[in-house]
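Asker: The sequence isn't on hand, but the structure is:
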């Protein structure tokens, strides 16, 4: 989002109180419509479906700042995904009508949200292509790169820190934790990433991307 | 899209000449910048990528009143996909800067587009879920539901006519044509969901199929 868009959205939501949710708390359940429009001020949210085996299939993740669930509030449709706090989070929640009035009155914000959404849409399509036609390694690397952009943190030396467990990475691409662990070990041996506690460190994201493209 | 949005889009693009393309003609090549923004007046266009195996992976099929490539227009990101006529088509083409100016002057259109793209994103996310944990049958049925919603001809008795080949379904579901043909034959023979009518597929009850798939 453009800084001006973030400012406008922050200003709108600043009229509403801050609420905190613990990790694991659910904001929207499948089949439910949204009760509020939310602005994620701190923390991280995950959107997932559950497979018939009971595994989580993580479809999307985002960190602050984020305005959600826009699709549900604009289309007045029920969710098909669980919206759950992936870490402790802080949100401001506004009545849906007020959020829709805000969007009506701020076309530049809507245009920027549309631009961002088209990128997200393309990202989802690329992910779909990977799922249809790629090796486990390529799917994993693509997911690490995507996760860096979505929820990672870029350091001043250009490296990236990614706080995402191997189980969660597996849930995002339909691979078992064991397969993810094996592929990560091989990437580690090639010096393409490092693993420390709950973090992954990617020294050179562009190099990792090139590696995935050459091994697809 | 609502009628007002369609009228406004039609009015903007009507200032540019109409151009006809034959079936299978490529309008935009992957990794090439388009010559402008296209507006589909008639026919269908598919957006696809080519996998390393050489197979086509269809990402979207556009019907009239859609403009493309949208991400390139709004974000100036390089275009990575092919856009090819799936039938004989008619399009109008406008300079992208003029189109962006037009959008900025028509907030209601932007708002409608945002709503619509979110629905498209949800379809893609559902497809991702199917790919990750769906079996062949559910992946095929899901593509039939999507085709029914987008291009199917709903009949008075609740059935829905689909004009789609096994090869097209295979491209969308990421399965081989042989697998799709085998699965289709099995479903037509064993289940009361689908029948054939010449080259058309008939979904007996689209709503029932949607609920069966949890859609």
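Answerer: Happy to help now that I have it. The structure displayed is predicted, hence computed values, not measured ones. Numbering: from 1, shown residues only, chains lettered A, B, ... in the order given.
Asker: hey, where'd the helices end up in the chain?
Answerer: I'll assume chain A. Using DSSP state H, the helices found in chain A span residues A:3-13, A:70-75, A:96-105, A:107-133, A:136-151, A:166-173, A:177-189, A:205-214.
Asker: Chain B is the one I meant
Answerer: Under DSSP H, chain B gives helices at B:3-13, B:70-75, B:96-104, B:107-133, B:136-151, B:166-173, B:177-190, B:206-212.
Asker: Make a markdown table out of the ones you listed and add mean neighbour count.
Answerer: Backbone N, C-alpha and C define where each C-beta goes, glycine included. Converted to a markdown table, those look like this (neighbours: other C-beta atoms under 10 Å in any protein chain shown):
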| stretch | mean neighbour count |
| --- | --- |
| helix B:3-13 | 15 |
| helix B:70-75 | 20 |
| helix B:96-104 | 16 |
| helix B:107-133 | 20 |
| helix B:136-151 | 20 |
| helix B:166-173 | 21 |
| helix B:177-190 | 15 |
| helix B:206-212 | 15 |
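Asker: Span of stretch B:193-208 from start to end?
Answerer: 9 Å (C-alpha to C-alpha, to the nearest Å).
Asker: How many residues are close by residue A:42?
Answerer: For residue A:42, the count of nearby residues is 14 (other C-beta atoms under 10 Å in any protein chain shown).
Asker: doesn't residue A:90 make contact with it?
Answerer: Yes - between residue A:42 and residue A:90 there is a contact at 4.2 Å, judged by C-beta atoms under 8 Å.
Asker: quick one: common contacting residues for the two?
Answerer: residue A:64 (C-beta atoms under 8 Å, 6 or more residues apart in numbering or on different chains).
Asker: out of everything not next to it in sequence, what's closest to the residue nearest to the spatial centre of chain B?
Answerer: The centre of chain B sits closest to residue B:61, judged by C-alpha atoms, centre = their mean, with a distance of 2.2 Å. Spatial nearest neighbour of residue B:61, excluding adjacent residues (C-beta to C-beta, 6 or more residues apart in numbering or on different chains): residue B:46 at 4.9 Å.
Asker: quick one: pLDDT of that neighbour?
Answerer: We have a pLDDT of 90 for residue B:46.
Asker: Who does it form a beta bridge with?
Answerer: Beta bridges link residue B:46 to residue B:61, residue B:84, judged by DSSP bridges.
Asker: What separation is there between it and residue B:178?
Answerer: Residue B:46 is 21 Å from residue B:178, where distance means C-beta to C-beta, to the nearest Å.
Asker: How about residue B:193?
Answerer: Residue B:193 is 21 Å from residue B:178, by C-beta to C-beta.
Asker: How about residue A:135?
Answerer: The separation that residue A:135 has from residue B:178, given C-beta to C-beta, amounts to 22 Å.
Asker: What of residue A:124?
Answerer: Following C-beta to C-beta, the distance that separates residue A:124 from residue B:178 is 28 Å.
Asker: Kindly report the same for residue B:158.
Answerer: For residue B:158 relative to residue B:178 (C-beta to C-beta), the value is 31 Å.
Asker: what does residue B:203 give?
Answerer: Counting by C-beta to C-beta - residue B:203 and residue B:178 are separated by 22 Å.
Asker: For residue B:101, see how far away the residue located most distally from the centre of chain B is.
Answerer: Going by C-alpha atoms, centre = their mean, the residue of chain B most distant from its centre is residue B:190, 28.9 Å out. Using C-beta to C-beta, residue B:190 is found at 56 Å from residue B:101.
Asker: Likewise for residue B:20?
Answerer: From residue B:20 over to residue B:101 (counting by C-beta to C-beta), the distance is 27 Å.
Asker: who in chain B is up against chain A?
Answerer: B:49, B:51-53, B:55, B:57, B:59-60, B:70-71, B:74-75, B:77, B:80, B:103-104, B:107, B:110-111, B:113-115, B:117-122, B:124-129, B:131-133, B:174, B:214-215 (C-beta under 8 Å from any C-beta of the partner chain).
Asker: Excluding residues flanking it in the chain, which one is nearest residue A:110?
Answerer: Nearest non-adjacent residue to residue A:110 (C-beta to C-beta, 6+ apart): residue B:110, at 4.9 Å.
Asker: Please disregard the earlier target; I meant residue B:5.
Answerer: residue B:112 (4.6 Å).
Asker: Return the residues in contact with that neighbour.
Answerer: B:1, B:2, B:5.
Asker: Distance of the spatially most central residue of chain A relative to chain B?
Answerer: Note on chain A: the residue nearest the mean C-alpha position is residue A:61, at 2.1 Å, using C-alpha atoms, centre = their mean. Residue A:61 sits 12 Å away from chain B, going by C-beta to the nearest C-beta, to the nearest Å.
Asker: ok, back up a step: ok, the residue nearest to residue A:110 - contacts?
Answerer: Here residue B:110 is in contact with A:107, A:110, A:111, A:114, B:103, B:104 (C-beta under 8 Å, 6+ apart).
Asker: what's the distance between the residue nearest to residue A:169 when sequence neighbours are not counted and residue A:123?
Answerer: Distances taken as C-beta to C-beta, 6+ apart place residue A:180 nearest to residue A:169, at 5.2 Å, with adjacent residues excluded. Distance, residue A:180 to residue A:123, using C-beta to C-beta: 20 Å.
Asker: for the nearest residue to residue A:22 once chain neighbours are set aside, what are its contacts?
Answerer: Counting by C-beta to C-beta, 6+ apart, residue A:22 lies nearest to residue A:88, which is 5.7 Å off, once chain neighbours are set aside. Counting by C-beta under 8 Å, 6+ apart, residue A:88 touches A:20, A:21, A:22, A:23, A:42, A:43.
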